[in-house]
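>>> Got a sequence here, can you build the structure:
(2 chains)
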Number of protein chains: 2
Amino acid sequence: MDRRKFISGAATGALGATALATPAIAQESPKLQWRITSSFPKSLDTIYGGAETVAKYVTEATDGQFEIQVFAAGEIVPGLQAADAVRDGTVEMAHTTSYYYVGQDDAYALGTTVPFGLNARQMNAWYYYGGGNDLMNEFFATKGLYGLPSGNTGAQMGGWYRNEINTLNDLKGLKLRIAGLAGRIMERLGAVPQQLAGGDIYPALEKGVIDGAEFVGPYDDEKLGFVKVAPFYYYPGWWEGGPTVHTFVNLDQWNELPDNFKGVLTAACQAANCDMLASYDYKNPAAIRRLVNEGAKLRSFSQDVMQAAYDAAKEIYADISSSNEAFKKIYDSQIEFKRDAYLYAQLSEYTYDTFMMIQQRNGAI
Amino acid sequence: MDRRKFISGAATGALGATALATPAIAQESPKLQWRITSSFPKSLDTIYGGAETVAKYVTEATDGQFEIQVFAAGEIVPGLQAADAVRDGTVEMAHTTSYYYVGQDDAYALGTTVPFGLNARQMNAWYYYGGGNDLMNEFFATKGLYGLPSGNTGAQMGGWYRNEINTLNDLKGLKLRIAGLAGRIMERLGAVPQQLAGGDIYPALEKGVIDGAEFVGPYDDEKLGFVKVAPFYYYPGWWEGGPTVHTFVNLDQWNELPDNFKGVLTAACQAANCDMLASYDYKNPAAIRRLVNEGAKLRSFSQDVMQAAYDAAKEIYADISSSNEAFKKIYDSQIEFKRDAYLYAQLSEYTYDTFMMIQQRNGAI
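The predicted model follows:
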């Protein structure tokens, strides 16, 4: 439709109004200006960038009719209160990880990941095709939230340590910056979990107030400089095999959103989900090279440590399941898919990657 | 804005026209009705579904102002001519894989995958953060196309065979349904590549006209019933480690698209990219269980076969690079990222998955 014709049509009065009943967007949808509060600082451009991707796609796609403005952790509310601010109506949206709210309900953990949970691709399969999104939103609705998967970091690293962890015995009394369910597992293995904000980790490691700290992966960890004070860099991060990052919308506001804006936001979040993983997957490889050059000593957790942690995790999940119905329902759904997913992954994906890793080690790529 | 107020405002004539100058979408954007031609039949709901996802997101997000209608392979043009139909202006869009057009230019192969190429996550990392999208579109522009990654199947399987392939010698004279660069590699190893449409594969395998056939993976392959006539099911599909599926738009029409519709389509395609991989990752595990129950005998290609194929692939890429500048530029970019990507993947991702696979084999998930 020609713009001038459109306007002159409108200018003919009542006839104009009738003509205007056809093109739908401007008339059906109010102009919205929403705020999204991130749980992350701007300095973590990978994970903070997820909220910017969502905002950019929605604003662009609606030509500014649905405008979303991004605020970093602390600008409106502290990072760990982002979902609460959405529930209470302080802001319309949050970009956060649901496991930050595990203190309110253990079932929140399953929305992001639990130790030894699904990997990044499996999380997406479960969310979009395995009923995961419906299951999680049944739970989120009880907290006044609607959730949309909007990012994933991929498997994280297992943290920085001042000394090597060779046996289970080396975990006894170890003071570790680690939270949530992973902290509870570490406690069962004899370690002493500590809660510290991102900025407090470095001095605590430097002074030996703590012996180790987990954060994210090479690209994010590099910014905090841990390599200088705790050079043993362990993998895998068995407590975060493929954590999903969420966009939360206040449930009432979600329900009132016009259908086309629901559609825009849904596509934008799924696009952002793909985008964040791509961002990590591109940035982490170069970062690990830099870290090793700066003195990082790569170590894998021993099978003994992994197995003890795995067994402890299963005990904890059984405990929680016995008293938390929402947790049990979601956990059982993830486990059922995980059995088949890790059977199938052994075939093409794993043998393909293994062969390519052999070529990489042989310098033949 | 209240809908009735909006309409009555317009009904006041000239004042209404002024008020209407503000909300932008309906007036800036013409109503578009585009057609997307798929290279795939409706029966392959996973890969055909990718075009439906793109169409659904775009149509919903614009409240039907930008409507995309999906056509299966053959409804407008044959599946293997989808990109040509877009270039020629027969349709506005295609949902296809760029390697189908490798006969026109070898560089097309790199947009989807080449044997021993990047895996699915690495392709996304390269496309969205490693400059891949710009590089490919520099090439696609010379063909009158604009491309948007819109799906991925994950690592495919290595096909169905009437007999076991134990050594390189077993490939000599083997009549295989396989195309493109993988066919050229197989030819160097002594096999005889055959080109057959999907529907012709089963009878050819049954009668022994061919000895083996590659298709996609468990969920798609199951529909064609190969298990009954060629039960040896090999992995990995080293020629398709993580193939990207594209949406192509006619370049002129892309350039003329209003910015908000470009934004909608970009987000929709990236969302569809995430969605298709999730679909395969959810459906393949259950399909492989069914196929094994029906008699599929799982076999992995030997390291000898894999290594010979890898060495032949590198020779072929060097040959093509020496005479095709576009191929060389894109290939070099993928290889540079692949070196670091497969170094980093050995740490957390691989050891995490390995540990979980051990638990799966022990029946401990």
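>>> Going by secondary structure, residue A:35 is in what exactly?
With secondary structure defined by DSSP states H and E, residue A:35 is part of strand A:32-38.
>>> go on, residue A:105?
Of the helices and strands defined by DSSP H and E, none includes residue A:105.
>>> Next, count neighbours for it.
Other residues near residue A:105 number 15, with proximity taken as other CB atoms under 10 Å in any protein chain shown. In short, each C-beta sits where N, CA and C put it, glycine included.
>>> so it touches residue A:326, yeah?
Yes - assessed by CB atoms under 8 Å, residue A:105 is found in contact with residue A:326 at 7.2 Å.
>>> Check the contact lists of these two and give me the overlap.
Both residue A:105 and residue A:326 are in contact with residue A:139, where contact means CB atoms under 8 Å, 6 or more residues apart in numbering or on different chains.
>>> The residue positioned nearest the centre of chain A in helix, strand or coil?
Using CA atoms, centre = their mean, the residue of chain A that lies closest to the mean C-alpha position is residue A:245, 2.4 Å off. Per DSSP: H, G, I helix; E, B strand; the rest coil, the secondary structure class of residue A:245 is strand.
>>> Can you check the pLDDT for the nearest residue to it once chain neighbours are set aside?
Leaving out its chain neighbours, the residue that sits closest to residue A:245 by CB to CB, 6 or more residues apart in numbering or on different chains is residue A:151, at 3.4 Å. According to the prediction, residue A:151 has pLDDT 98.
>>> can you check the one 4 residues further on too?
pLDDT recorded at residue A:155 is 98.
>>> State the distance from it to chain B.
4 Å (CB to the nearest CB, to the nearest Å).
>>> How about residue A:87?
Here residue A:87 is placed at a distance of 26 Å from chain B (CB to the nearest CB).
>>> doesn't residue A:253 make contact with that residue?
No - contact criterion CB under 8 Å: residue A:87 and residue A:253 do not qualify, at 11.0 Å.
>>> now the strands: where do they sit in the stretch 101-250 of chain A?
Assigned by DSSP state E, counting those that start in this stretch, the strands in the stretch 101-250 of chain A fall at A:145-152, A:160-161, A:175-177, A:192-194, A:212-213, A:232-235, A:244-250.
>>> Who is the closest residue to residue A:187 other than its chain neighbours paired with across the strands?
On the basis of CB to CB, 6+ apart, the spatially nearest residue to residue A:187 that is not a chain neighbour turns out to be residue A:193, at 5.8 Å. With DSSP bridges as the criterion, the beta-bridge partners of residue A:193 are residue A:176.
>>> show me the residues around residue A:193 that make contact.
A:176-179, A:183-184, A:186-187.
>>> Drop anything exposed from those.
In the contacts of residue A:193, burial by neighbour count holds for A:176-179, A:183-184, A:186, counting by 16 or more other CB atoms under 10 Å in any protein chain shown.
>>> any idea which of these is least confident?
residue A:179 (87).
>>> hang on, isn't it packed against residue A:196?
No - assessed by CB under 8 Å, residue A:179 is found out of contact with residue A:196, at 9.1 Å.
>>> Under the pLDDT cut-off, which ranges of chain A? List them.
A:1-29 (pLDDT under 70).
>>> Try it again at 50.
Low-confidence segments of chain A, defined by pLDDT under 50, span residues A:1-27.
>>> Mind naming the longest helix for chain A?
In chain A, taking DSSP state H as the definition, the longest helix is helix A:259-293.
>>> Would you mind getting the angle between the next helix or strand after the strand holding residue A:35 and helix B:45-61?
Proceeding C-terminally, strand A:32-38 gives way to helix A:45-61 as the next helix or strand, assigned by DSSP H and E. Going by axes from the mean of the first three to the mean of the last three CA atoms, to 10 degrees, helix A:45-61 is angled at 60 degrees with respect to helix B:45-61.
>>> what packs against helix A:45-61?
Using 3 or more CB pairs under 8 Å, 6 or more residues apart in numbering or on different chains; DSSP states H and E as the contact criterion, the neighbours of helix A:45-61 among helices and strands are strand A:32-38, strand A:66-71, strand A:93-96, strand A:145-152, helix A:218-222, strand A:244-250, helix A:259-293, helix B:259-293.
>>> can I get those in JSON lines with distance to residue B:143?
Rendered in JSON lines, the data for these read as follows (distance: least, CB to CB, whole Å):
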{"stretch": "strand A:32-38", "distance to residue B:143": "39"}
{"stretch": "strand A:66-71", "distance to residue B:143": "35"}
{"stretch": "strand A:93-96", "distance to residue B:143": "38"}
{"stretch": "strand A:145-152", "distance to residue B:143": "33"}
{"stretch": "helix A:218-222", "distance to residue B:143": "35"}
{"stretch": "strand A:244-250", "distance to residue B:143": "37"}
{"stretch": "helix A:259-293", "distance to residue B:143": "25"}
{"stretch": "helix B:259-293", "distance to residue B:143": "18"}
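>>> And the closest residue to residue A:122 other than its chain neighbours, how far from residue A:126?
Spatial nearest neighbour of residue A:122, chain neighbours left out: residue A:341 (4.8 Å); criterion: CB to CB, 6+ apart. Separation of residue A:341 from residue A:126 (CB to CB, to the nearest Å) stands at 8 Å.
>>> And residue A:61, by the same measure?
In terms of CB to CB, residue A:61 sits 27 Å off from residue A:126.
>>> the more surrounded of those two?
With neighbours defined as other CB under 10 Å, residue A:61 and residue A:126 compare such that residue A:61 has more, 33 against 28.
>>> Quick one: residues contacting the more buried one.
Residue A:61 makes contact with A:264, A:267-268, B:61-62, B:260, B:263-264, B:267 under the criterion CB under 8 Å, 6+ apart.
>>> got CSV for those, with distance to residue A:226 too?
Output for the contacts of residue A:61, formatted as CSV (distance: CB to CB, whole Å):
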residue, distance to residue A:226
A:264, 40
A:267, 37
A:268, 34
B:61, 42
B:62, 47
B:260, 43
B:263, 39
B:264, 42
B:267, 36
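>>> of all the residues in the stretch 151-300 of chain A, which ones are close to chain B?
Taking CB under 8 Å from any CB of the partner chain as the measure of proximity, the stretch 151-300 of chain A contacts chain B at A:154-158, A:217-218, A:235-238, A:241, A:259-260, A:262-264, A:266-268, A:270-271, A:273-275, A:277-279, A:281-286, A:288-289, A:298, A:300.
>>> Could you rerun that using 6 Å?
Taking CB under 6 Å from any CB of the partner chain as the criterion, the stretch 151-300 of chain A approaches chain B at residues A:155, A:157, A:235-237, A:241, A:260, A:263-264, A:267-268, A:270-271, A:273-275, A:278-279, A:281-282, A:284-285, A:288, A:300.
>>> Could you find the closest non-adjacent residue to residue A:239?
Leaving aside its chain neighbours, residue A:239 sits nearest to residue A:182 (3.4 Å; criterion: CB to CB, 6+ apart).
>>> If I take the longest helix of chain A and strand A:32-38, what angle do their directions form?
Following the same axes, to 10 degrees, one obtains 30 degrees for the angle between helix A:259-293 and strand A:32-38.
>>> buried stuff in helix A:259-293?
Of the residues in helix A:259-293, A:260-288, A:291 count as buried by neighbour count, 16+ other CB under 10 Å.
>>> next one: stretch A:301-316
When neighbours are counted by 16+ other CB under 10 Å, the buried residues of stretch A:301-316 are found to be A:301, A:305-310, A:312-314, A:316.
>>> Ok, stretch A:32-45 next?
Within stretch A:32-45, the residues scored as buried using 16+ other CB under 10 Å are A:32, A:34-41, A:44-45.
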